[in-house]
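# kindly return the folded structure for what I paste below:
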Amino acid sequence: MTARRLFQTGLPRRGFLQGAGAAGAMMLGGLPRGAMAQGSDTITMWTPGGSNLFCDIHTKILNDFTATRAALAGADMSCGFGDGGDYTQRLFGAIAARQVPDVSMLWDSPVSLGAQGAFMPLDAYMAASDKINVENWPGGLLASCQYQGVTYGLPVTAGVYSMWFNADMFAAKGISTDRADFPKTLDEMRRMSKEFTVWDGDRLVTAGFVPPRDTASAPVWASINGGRFYNAAESRYEIDSAQNIELYSFFLDWLNEEYRGDINLVDRSGHFDDGYVSNSTGLGPAFREGRLAMMSQGCWLMGDFWAEPEPSFTNWDLAHYPVGPSGSATASGVYPNWFVIPAGATNPDEAVAYLEYLATEGVVEWFRQIPDVPTNALVEAAPPEVIVNNRGEVYAQEVTAFLQELAGIVTPMWDSPVQNFGMDQITLAVEKIYTKTASVTDALAEAQRASQAELERVLSL
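Next up is the predicted model:
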């Protein structure tokens with residue numbers, strides 16, 4: 001999974017599909033093969049992209065579904081854009097031009113465009129279904145697809161966030177490798193982190209845990225400290241809340257104490273963030289190199305862990321997030337694999353039937369080959385083969401059950417009508433805090449003012 005961003009249209013909710021045809025047609029250049037509507041007897045689906053394996057899996061699932069539907073003569077799958085264009089922007093153009101697929105996958109929340117009339121509300125279909133009704137989805141996940149009580153998408157699978165730890169590094173220090181013994185509070189994790197942090201001059205050789213910067217998972221950290229960044233019920237940002245000021249003050253103190261107060265020294269020493277090679281510097285993944293004891297990451301790394309560069313160890317495990325100083329409970333988070341029915345779809349009834357099939361049957365094959373966690377309560381999926389083959393059946397079953405547990409405690413996130421803008425402001429704030437170009441209070445207050453102003457502007461259109 002790579003970084004994926006929302007396309008923010010800034011268009012008013014009313015009149016989204018009126019008068020937009022010309023603008024939409026201008027944005028249709030470079031649509032994937034088969035992207036135009038095929039007629040009432042063909043079901044069409046788009047995905048933002050993915051590996052050959054990902055595209056093959058979804059093509060097979062769609063074809064398997066079509067074979068069971070007498071009303072459908074065929075299926076057409078379009079898996080991404082060959083020119084690297086922004087998927088959500090192209091989807092917006094197709095919706096505006098009324099040339100849409102029946103079903104679309106999103107790697108972001110449907111709230112932004114759904115609130116503006118771009119996607120079909122699904123609540124009536126869900127109420128009539130025994131497969132995709134509200135009760136079959138974790139509340140925190142479904143909330144990321146809802147705006148003002150209306151559901152615009154389904155969270156069919158989720159890239160679930162958790163803490164990851166190097167069990168070999170733990171064992172070498174005489175620290176328990178039992179998940180149940182992982183630090184329960186940020187204070188405990190901070191004390192443990194020092195056990196692993198070693199400097200060689202200005203080079204960070206090994207580290208315990210580096211204060212987080214990933215914006216996509218930031219709502220998890222806010223939640224475990226009793227806060228949040230966005231209040232969907234009241235359409236209000238809360239970036240500069242007392243809990244968030246406390247949280248980032250804690251992380252800044254951690255940076256000062258353990259990492260010489262210089263995030264640039266950390267960055268020059270290796271990629272200590274997410275288990276992948278750095279896109280910007282090319283530095284190797286410190287976690288897979290065995291130089292980072294703990295990190296926050298999504299379950300998709302389970303599928304990529306054994307990819308190049310080859311990891312130096314394989315004995316990793318997952319754990320709950322520790323609770324912050326003002327928090328009362330752990331939480332999890334998610335990177336979305338959500339599905340929508342664009343407004344103007346040719347086959348809305350067949351599209352709903354496909355979502356029912358995908359969420360309860362097709363997803364079993366998806367999870368078997370790619371570790372995106374099924375979230376519908378009716379699914380009993382075998383664990384991913386990549387985990388079975390590399391870690392054994394027993395561990396694969398156990399970690400799958402843990403990921404499904406985490407999916408049930410996902411904090412509400414990806415639920416702002418100006419999601420992309422707000423995420424950018426939080427990213428800037430954290431950068432200013434860690435580089436000490438602004439105080440914690442000032443950086444978060446600036447992000448709050450900008451995000452709230454943009455939210456009010458869009459909502460007033």
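# name all residues that make contact with A359.
Contact analysis of A359 by Cβ atoms under 8 Å, 6 or more residues apart in numbering lists 131-132, 154, 156, 374, 376, 378-379. Using the backbone N, CA and C atoms, a C-beta is placed for each residue, glycine as well.
# of those - the most surrounded one?
When the contacts of A359 are compared by neighbour count (other Cβ atoms under 10 Å), L154 ends up highest, at 27 neighbours.
# next one: phi and psi at it?
phi -120, psi 130 (degrees, to the nearest 10).
# might one say that it is in contact with L122?
Yes. Contact criterion Cβ atoms under 8 Å: L154 and L122 qualify, at 6.8 Å.
# anything in contact with each of those two?
I132.
# give me the pLDDT value at the residue lying farthest from the centre of the chain.
Residue farthest from the centre of the chain, counting by Cα atoms, centre = their mean, is G201 at 36.7 Å. Confidence at G201, expressed as pLDDT, is 96.
# and F7, by the same measure?
Confidence score, pLDDT, at F7: 32.
# so who does Q452 touch?
With Cβ under 8 Å, 6+ apart, Q452 has these contacts: 236-237.
# could you list the low-confidence segments of the protein?
1-39, 81-85 (pLDDT under 70).
# the strands in this protein, which residues?
Along the chain, the segments classed as strands by DSSP state E run 42-47, 74-79, 103-106, 146-147, 150-151, 154-166, 198-200, 203-206, 230-231, 236-237, 294-298, 316-319, 334-340, 373-374.
# so how far is L265 from the residue farthest from the centre of the chain?
10 Å (Cβ to Cβ, to the nearest Å).
# measure the residue lying closest to R288 once chain neighbours are set aside to W164 for me?
Using Cβ to Cβ, 6 or more residues apart in numbering and skipping the chain neighbours, the partner closest in space to R288 is P311 (4.1 Å). According to Cβ to Cβ, P311 stands 12 Å off from W164.
# do D253 as well
23 Å.
# which of P311 and W164 has more residues huddled nearby?
For P311 versus W164, the count of surrounding residues by other Cβ under 10 Å is larger for W164: 23 against 17.
# wouldn't the more buried one be in contact with Y321 here?
No. Assessed by Cβ under 8 Å, W164 is found out of contact with Y321, at 11.1 Å.
# quick one: I263 and I433 touch, right?
No. Taking contacts as Cβ under 8 Å, I263 lies outside contact range of I433: 9.4 Å.
# if you count what's nearby, which of those two comes out ahead?
I433 (24 against 21).
# tell me which residues touch the more buried one, please.
Counting by Cβ under 8 Å, 6+ apart, I433 has contacts 248, 251-252, 439-440, 443-444.
# quick check: phi and psi on P322?
Backbone torsions of P322, given as degrees, to the nearest 10, read phi -70, psi 160.
# number of residues surrounding the closest residue in space to R213 that isn't next to it in sequence?
Distances taken as Cβ to Cβ, 6+ apart put V430 closest to R213, at 5.5 Å, once the chain neighbours are dropped. A count of neighbours around V430, defined by other Cβ under 10 Å, yields 24.
# is it true that V430 touches N244?
No. Here V430 does not reach N244: they are 10.6 Å apart, not a contact under Cβ under 8 Å.
# okay, which residue is most central for this structure?
Note: the chain centre (Cα atoms, centre = their mean) maps to Y335, 0.9 Å.
# run through the bridge partners of that residue.
Y335 has these beta-bridge partners by DSSP bridges: G159.
# my read: it touches L301, true?
No. Using Cβ under 8 Å, Y335 makes no contact with L301, being 11.2 Å away.
# residues contacting R69?
43, 350, 353.
# next, format these as CSV and append neighbour count and distance to S51.
Formatted as CSV, the contacts of R69 follow (neighbours: other Cβ atoms under 10 Å; distance: Cβ to Cβ, whole Å):
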residue, neighbour count, distance to S51
I43, 27, 23
E350, 23, 27
A353, 20, 27
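# if I look at the residue lying closest to F421 once chain neighbours are set aside, how far off is A73?
In this structure, F421 finds its nearest non-sequential neighbour in E454, 4.8 Å apart by Cβ to Cβ, 6+ apart. E454 sits 46 Å away from A73, going by Cβ to Cβ.
# what's the domain layout of this structure?
Using automatic domain parsing, the domain parsing of the chain gives 21-159+335-400, 160-333+416-460.
# a markdown table for those, including distance to V410?
Below are the domains of the chain laid out as a markdown table (distance: least, Cβ to Cβ, whole Å):
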| stretch | distance to V410 |
| --- | --- |
| domain 21-159+335-400 | 4 |
| domain 160-333+416-460 | 5 |
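# nearest to L406, of those domains?
Nearest to L406, of all those, is domain 160-333+416-460, at 4.0 Å by Cβ to Cβ.
# quick one: contacts of stretch 366-385?
53-54, 57-58, 61, 131-132, 135-138, 141, 155-160, 299-300, 302-303, 337, 359-360, 363-364, 386-387, 393, 396-397, 399-400, 403-404, 407.
# over to stretch 394-405?
Residues contacting stretch 394-405 (Cβ under 8 Å, 6+ apart): 160, 162, 179, 299, 302, 317-318, 373-374, 381, 383-384, 387-388, 391.
# cutoff 7 Å now
If you take Cβ atoms under 7 Å, 6 or more residues apart in numbering as the criterion, stretch 394-405 is touched by 160, 299, 318, 373, 383-384, 387-388.
# and that stretch, how far out from the chain middle?
19 Å (Cα atoms, centre = their mean, to the nearest Å).
# alpha carbons only: can I get that stretch in CSV?
What follows is stretch 394-405, C-alpha atoms only, in CSV (Å, rounded to 0.1, in the frame of the first residue of the first chain):
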residue,chain,number,x,y,z
VAL,A,394,-0.9,-21.6,13.9
TYR,A,395,0.5,-18.1,13.9
ALA,A,396,-1.4,-17.1,10.8
GLN,A,397,-4.7,-18.1,12.4
GLU,A,398,-3.8,-16.3,15.6
VAL,A,399,-2.7,-13.0,14.0
THR,A,400,-5.8,-13.0,11.7
ALA,A,401,-8.1,-13.3,14.8
PHE,A,402,-6.1,-10.4,16.4
LEU,A,403,-6.5,-8.2,13.3
GLN,A,404,-10.3,-8.9,13.3
GLU,A,405,-10.4,-7.9,17.0
